[in-house]
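# Need a 3D model of the following:
(one chain, ligands or ions: 1)
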Amino acid sequence: MCLLHNIVASAFLGGIVYWLIYHMRRLPFYQKAWKFSGPSIVLPILGNALYFAGNTENILNKFTELSRAYPSPYRVWLGSELLIILSRPEEIKTVLWSEKAIEKTRFFEFFQPWLGNGLFTAPGEIWRVRRKLIGPTFNLRILESFVTVFAVQSNVMVRKMETELNGEEFLVFDYVSMCTLDIICETAMGVSVGAQVNNHSSYVEAVEKSLKIIYRRAFSIWLHPPAIFNRTQAGKEQNKHIKTMHNFTSNVIQRKRKALLNRNTKKTAVKYGEDTESDSPSERKAFLDLLMQLTDDKMKFSDSELREEVDTMIAAGSDTTSNTVSFVMLMLASYPDIQEKAYLELCEIYGSYDSNKRIVTYEDLPRMRYLELVIKETMRVLPIIALITRTITDDLDIGEYTLPKGSLAVIDILSIHRNEEFWPDPLKFNPDRFLPDEVAERHAYCYIPFSAGPRNCIGLRFAMMAMKTILATMLRRYIIKKDKIVPLDDVKLKSEGVTKPVEPIMLRIEERRRRMNFASTFA
Ligand code: HEM
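The predicted structure follows:
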């Protein structure tokens, strides 16, 4: 009994000594942390974590409340993690361009069993090499060749929506998400997963469910340790989905490898000038083909690395694009005059008797200037990524303050996009804010829906082109309506990795009648 007593007492004492040494060592870190303003009550062990407890809606609301109470930069403790929240353009610029803020944070580890070291999750050292290699595959010539895929899949979506014509309000996201998944999968892998035409695809289901499980895990602290998570129902389910997705992508890679090998053998056989295989610029190559070509030229990517990058494009590109398009549709339904103006611009391009027969082409896209303003204004008020987080790997000066090594920088995109100082009447939906003269007067870092700096969104132009194509195809055919229009301040948001509306977006569609007396507004 006495021995047990002694063991317990020694363990307790050891714990206290360890705790004291740990905090003594961190003293300089704490001293730097306390220079920032922030909530004054910080609980031992939990820090300010209780403040964010609750549902996923609560997290965004709390950040908004805090940004009103404390000037940027301010601090929050999540357990022993120090978060410094930033919402001033100059500070954000410094962080996003700093070599000391390239590393992602713990949240991204939850993606790793699926995405490995793909661009989105990769540690800095690996990311640098891969970004350099992959960057050129997103050039305009390649993107141009993708527009047909965007247009064909948008047409499929619009046709599928016919069943909703003149009916009740329906969930637009159900249609848009399948369309964007088809677009991303076809451009990333060069194979059609037929998400829109097959009512069931195990691959599509696995992508959807995995994203949901990852988001749920991120906000459930008790599920963070892999040893616990992997034993839960959600953990087992996710592992099953990851297997399905990995098998699917690996199979595509194997098939492509074989095809490439056959092709190379044929080429050697036919000799110079007799090549019958088309390598013309018009031949569309998927992202995977381009990466495989790099592999062959320079031996850079192994099969598992190829799989990681393809999976990454699908994960990073599908939910972001589909939620943004759904938000734009909500804005178009809420502001019928803005929708009409966007439609009239399309009449300029496709004629007043637009039968929707000619599909959207690459050349059409730069002419959709007003639609672009509408998309940009939507991404301002409803940014799909509301918070960006980075680990600070060395003390980083951001003007008056220093972000201490080991802290996490949180860039509060939602707050900066809705800050009255930069956006007069911030909750007024006004696409004209993005006219060139207005843009020139603002600090460039007041608006960062795709982030900025070297680790910004690699799919920025891809996303803009795909969104324009989907929305133009939709607007040419249907008038988008909403029975009860909700003012922007009442559109409640939650963050589940991407920003989502708390109330799912329900809209109605009516057939457009041919415009007889069409007068030009965009001359
Ligand atoms: C409206 C659509 C989109 C938005 C708003 C968006 C936004 C963003 C943002 C804010 C980041 C930075 C995240 C961070 O630093 O934590 C990011 C990164 C990334 N995005 Fe997008 N994205 C969109 C569409 C796409 C598409 C279509 C693709 C691919 C085809 C894509 C691929 C990526 C990748 C690979 C990264 C990681 C880049 C790196 O770390 O080097 N995104 N995106």
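# Surely Tyr401 is in contact with Trp34?
No: taking Cβ atoms under 8 Å as the definition, Tyr401 is not a contact partner of Trp34, at 11.9 Å. In this view, the C-beta of every residue, glycine as well, is placed from N, C-alpha and C.
# Of the two, give the one with the bigger neighbour count.
Tyr401 (16 against 11; other Cβ atoms under 10 Å).
# so what's that one up against?
Tyr401 sits next to Lys35, Phe36, Pro73, Glu91 when contact means Cβ atoms under 8 Å, 6 or more residues apart in numbering.
# helices or strands up against the helix or strand where Lys258 lies?
Lys258 is located in helix 233-270, with elements delineated by DSSP states H and E. Contact partners of helix 233-270 among helices and strands, from 3 or more Cβ pairs under 8 Å, 6 or more residues apart in numbering; DSSP states H and E: helix 112-115, helix 202-218, helix 287-298, helix 303-334.
# coming back round to it: out of the contacts of Tyr401, grab the one that's most surrounded.
Pro73 (25 neighbours).
# what residues are up against that residue?
Pro73 neighbours (Cβ under 8 Å, 6+ apart): Phe36, Ile84, Ile85, Leu86, Arg88, Glu91, Ile398, Tyr401, Leu403.
# all helices of the stretch 101-250 of the chain, in order?
Applying DSSP state H, counting those that start in this stretch to the stretch 101-250 of the chain gives helices spanning 112-115, 124-134, 140-160, 172-189, 202-218, 226-229, 233-270.
# Could you tell me the angle between the third one and helix 172-189?
For helix 140-160 against helix 172-189, the angle between stretch directions is 140 degrees (axes from the mean of the first three to the mean of the last three Cα atoms, to 10 degrees).
# for the fifth one, same thing?
Taking the same axes, to 10 degrees, one finds helix 202-218 and helix 172-189 inclined to each other by 110 degrees.
# Pro383 reaches Ser415, doesn't it?
No: the criterion here is Cβ under 8 Å, and Pro383 misses it with Ser415 at 10.1 Å.
# In the stretch 201-350 of the chain, which residue sits nearest the ligand?
Gly317 (3.1 Å; Cβ to the nearest ligand atom).
# Go ahead and report the secondary structure state at Asp483.
Assigned with DSSP: H, G, I helix; E, B strand; the rest coil, Asp483 falls in the coil class.
# For the residue nearest to Lys236 when sequence neighbours are not counted, the count of nearby residues, please.
Leaving out its chain neighbours, the residue that sits closest to Lys236 by Cβ to Cβ, 6 or more residues apart in numbering is Asn230, at 7.4 Å. Asn230 has 14 neighbours, counted by other Cβ under 10 Å.
# Go ahead and confirm Asn230 touches Ile242.
No: between Asn230 and Ile242 there is no contact under Cβ under 8 Å: 11.3 Å.
# residues in the stretch 51-200 of the chain within reach of the ligand, list them.
Residues of the stretch 51-200 of the chain found near the ligand (Cβ under 6 Å from any ligand atom) are Leu119, Phe120, Arg131.
# Touching, the first one and Glu305? I think so.
No: judged on Cβ under 8 Å, Leu119 makes no contact with Glu305 at a distance of 10.9 Å.
# coming back round to it: in helices only, show me the contacts of Pro73.
Cross-referencing the contacts of Pro73 against helices under DSSP state H gives Glu91.
# What score does Val207 have for pLDDT?
Here, the pLDDT recorded for Val207 equals 83.
# So which of the helices and strands packed on helix 233-270 has the densest surroundings on average?
helix 303-334 (a mean of 24; mean count of other Cβ atoms under 10 Å).
# Next one: Val381 relative to the ligand, how far apart?
Separation of Val381 from the ligand (Cβ to the nearest ligand atom, to the nearest Å): 13 Å.
# what's the answer for Val8, then?
Computed as Cβ to the nearest ligand atom, the Val8 to the ligand distance reads 45 Å.
# So what does that residue look like in phi/psi?
phi -60, psi -50 (degrees, to the nearest 10).
# quick one, helices of the stretch 401-523 of the chain?
Applying DSSP H, counting those that start in this stretch to the stretch 401-523 of the chain gives helices spanning 413-417, 436-440, 460-477.
# Include mean pLDDT and mean neighbour count when you put those into TSV, please.
Formatted as TSV, the helices of the stretch 401-523 of the chain follow (pLDDT from 0 to 100; neighbours: other Cβ atoms under 10 Å):
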stretch	mean pLDDT	mean neighbour count
helix 413-417	96	23
helix 436-440	96	9
helix 460-477	97	23
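# Looking at those helices, spot the one closest to the ligand.
helix 460-477 (3.6 Å).
# who does the closest one touch, helix- and strand-wise?
By 3+ Cβ pairs under 8 Å, 6+ apart, helix 460-477 packs against helix 140-160, helix 172-189, helix 303-334, helix 336-350, helix 369-381.
# could you check whether that helix is close to the ligand?
Yes: judged by Cβ under 6 Å from any ligand atom, helix 460-477 comes into contact with the ligand at Phe462, Ala463.
# Just give me how far that helix sits from the chain centre.
16 Å (Cα atoms, centre = their mean, to the nearest Å).
# what angle do that helix and helix 303-334 make?
Using the same axes, to 10 degrees, helix 460-477 lies at 40 degrees relative to helix 303-334.
# Apart from its neighbours in sequence, what residue is nearest the residue nearest the centre of the chain?
For the chain, Thr320 is the residue whose C-alpha lies nearest the centre (Cα atoms, centre = their mean; 3.9 Å). Spatial nearest neighbour of Thr320, excluding adjacent residues (Cβ to Cβ, 6+ apart): Ile384 at 5.1 Å.
# ok, now how distant is the one you found from Phe450?
For Ile384, the distance to Phe450 (Cβ to Cβ, to the nearest Å) stands at 10 Å.
# Which of those two has more residues huddled nearby?
Ranked by neighbour count (other Cβ under 10 Å), Ile384 and Phe450 place Ile384 first, with 24 against 19.
# still on that earlier bit, give me every residue that touches the residue nearest to Thr320.
Listed by Cβ under 8 Å, 6+ apart, the contact partners of Ile384 are Thr320, Asn323, Thr324, Phe327, Pro449, Val498, Thr499.
# Please apply the same query to Leu211.
Leu211 touches Ala315, Asp319, Gly497, counting by Cβ under 8 Å, 6+ apart.
# of those residues, list those near the ligand.
Okay, of those, nothing touches the ligand (Cβ under 6 Å from any ligand atom).
# Please dump those into CSV; it should also carry pLDDT for every row.
CSV is the format used below for those (pLDDT from 0 to 100):
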residue, pLDDT
Ala315, 88
Asp319, 87
Gly497, 75
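# Write out the residues of the stretch 351-500 of the chain neighbouring the ligand.
Counting by Cβ under 6 Å from any ligand atom, the stretch 351-500 of the chain sits next to the ligand at Ile384, Ile385, Ile388, Pro449, Phe450, Ser451, Arg455, Cys457, Ile458, Gly459, Phe462, Ala463.
# For the stretch 51-200 of the chain, give me the ranges with low pLDDT.
Where the stretch 51-200 of the chain drops to pLDDT under 70, the residues are 56, 199-200.
# from the middle of its chain, how far away would stretch 128-139 be?
For stretch 128-139, the distance to the chain centre is 18 Å (Cα atoms, centre = their mean).
# Name the residues of that stretch that are buried.
Neighbour-count burial for stretch 128-139 flags Arg130, Leu133, Ile134, Thr137, Phe138 (criterion: 16 or more other Cβ atoms under 10 Å).
# Please apply the same query to stretch 102-114.
Counting neighbours by 16+ other Cβ under 10 Å, stretch 102-114 gives Ile102, Glu103, Lys104, Phe107, Phe108, Phe110, Phe111, Pro113, Trp114 as buried.
# start to end distance for that stretch?
21 Å (Cα to Cα, to the nearest Å).
# With stretch 428-445 instead?
In stretch 428-445, first residue to last residue: 20 Å (Cα to Cα).
# Thr312 against Trp127, yeah?
No: the pair Thr312 / Trp127 is not scored as a contact, 11.1 Å apart, by Cβ under 8 Å.
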